[in-house]
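Undergrad: all I have is the shape, not the residue letters:
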C-alpha cells in the first residue's frame, strides 16, 4: 500500500450533503462516515455534496477531528485572478473557525494545480493549515504534497468510488451521489409535458375552489397537518392537493407556520418536511412555486445540504424574483453561515420566541 494510502485522516464526517459555490456545515446527530485515507476522502466527497464533482475545487474544513465546513466551486475560467479567488476561499474558511483543510482539485492537472497552490497559500495567510492537497481526474489521483514518484506518480493512482467501503456505508445510511450537478438540478425541476398539464389543470380547479370557499387559517393548518400525515404514511398526494398546498403557502401566516414546523422537528422529522415540500415544488404550477421552493431550500440548509438549497432557491427566484424569504435564504448561503450559527426560529413547542425586553437607561436629572 502506498504512502498516500497510509496517510490517515481520523475524521468523523456527518452525513450532511452540502455545498454551493457550494458551502455547507455538518449538522445534528446523524449517522456518520469515517474518512481515514485519501481514497476514503475521494470516495466520500460525492456523498457529502450529493453528486460527483467534476471540474471543481473542493475544500473540506476540519475542527477537533470532525468535518465542520466544506465547499465546492467550479474551476475558474482562463485568465481569472486566482489570487483574489483563493483569498476569498481563505476568508470564508477563516470565518468558520476550522483547524485545517483538505483541498481536492477535480479536473485536468493544468487547470487544477495552480489553483490548489494559490488556495493553499491563501489559507495559510488566513491562519489555516492545509493538511492535504489532492488532484483527481478520470479515475486517478495523487497527492500534491507527496514528492515520491513511487507513492504518487505523475499520472496518479487509480481509485474507484463505486467499489469503496465508504460508498457502501454511505448508501446503506441513505446518502445519495447523483452523477453530476445537472442530475441534482433535475431532481428539483418544474413539471413538464403531461405533468405540467395536470398541474395547470389542478391550479385552475384550486382557483375556482378559492373563489367559492376561501377557507380559514385553521383549515389551512389542518390541510398541512393532513398532508404531513399522508407523506409519513407513504401515501402520495393528488394533483389537486399539491395545488391547494402551493396556494396555501402564499398566505404568509401559513407559510410561516410551515417554516416553524421545520425547526420544531429538526431532530425528528426534518426529512418528512423536506419530502412534502419537495413533492409540492416538483408538481405544482411553476408560477406558484416560490414558497415551496423556499421551504425546500431552508430544510436542505438545515440538514447541511447547501448545494440542494441553492438549487431550490433558483426555483424560487424563477417563480418570483422579488420573493423576500428567498432573498433571506440567499444571503445566508452567500455568507456561508452554518446552521449552528443561526438558532431555530421557533421554540420546540412551536410557539414564536418572545423577544427580549429592551433595557432603557433613564437620564439622571441634574
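TA: Ah, there it is. In this text the structure is predicted, and so the values were computed from the model without any measurement.

Undergrad: can you map out the strands along the stretch 101-250 of the chain?
TA: Assigned strands in the stretch 101-250 of the chain, in chain order: 129-137, 140-143, 157-158 (criterion: DSSP state E, counting those that start in this stretch).

Undergrad: possible to save these as CSV with distance to residue 210, mean neighbour count and mean pLDDT?
TA: In this view, the C-beta of every residue, glycine as well, is placed from N, C-alpha and C. Putting the strands of the stretch 101-250 of the chain into CSV (distance: least, Cβ to Cβ, whole Å; neighbours: other Cβ atoms under 10 Å; pLDDT from 0 to 100) gives the following:
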stretch, distance to residue 210, mean neighbour count, mean pLDDT
strand 129-137, 53, 20, 95
strand 140-143, 57, 20, 93
strand 157-158, 60, 14, 90
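
Undergrad: nearest to residue 296, of these?
TA: Residue 296 sits nearest to strand 129-137 of all those, at 30.2 Å, using Cβ to Cβ.

Undergrad: who touches that closest one?
TA: Residues from elsewhere that reach strand 129-137, judged by Cβ atoms under 8 Å, 6 or more residues apart in numbering: 7, 9, 38, 41-42, 62, 99-109, 112-113, 116-117, 120, 123-124, 141-145, 156, 159.

Undergrad: and these, which of them are buried?
TA: 7, 9, 38, 41-42, 62, 101-107, 109, 112, 116-117, 120, 123, 141-144, 156, 159 (16 or more other Cβ atoms under 10 Å).

Undergrad: show me what the host helix or strand of residue 42 is packed against.
TA: Assigning secondary structure by DSSP states H and E places residue 42 in helix 38-49. For helix 38-49, the packing partners by 3 or more Cβ pairs under 8 Å, 6 or more residues apart in numbering; DSSP states H and E come out as helix 3-6, strand 32-35, strand 56-63, strand 66-74, strand 100-106, strand 129-137, strand 140-143, helix 165-172.

Undergrad: top helix in the chain by residue count?
TA: In the chain, taking DSSP state H as the definition, the longest helix is helix 193-212.

Undergrad: quick one, helices of this structure?
TA: Going by DSSP H, the chain shows helices at 3-6, 38-49, 82-94, 109-125, 165-172, 181-186, 193-212, 217-232, 239-248, 252-264, 270-283, 290-302, 306-319, 324-334.

Undergrad: and the second one, how far out from the chain middle?
TA: Spelled out, it's helix 38-49. When C-alpha coordinates are averaged (Cα atoms, centre = their mean, to the nearest Å), helix 38-49 and its chain have centres 16 Å apart.
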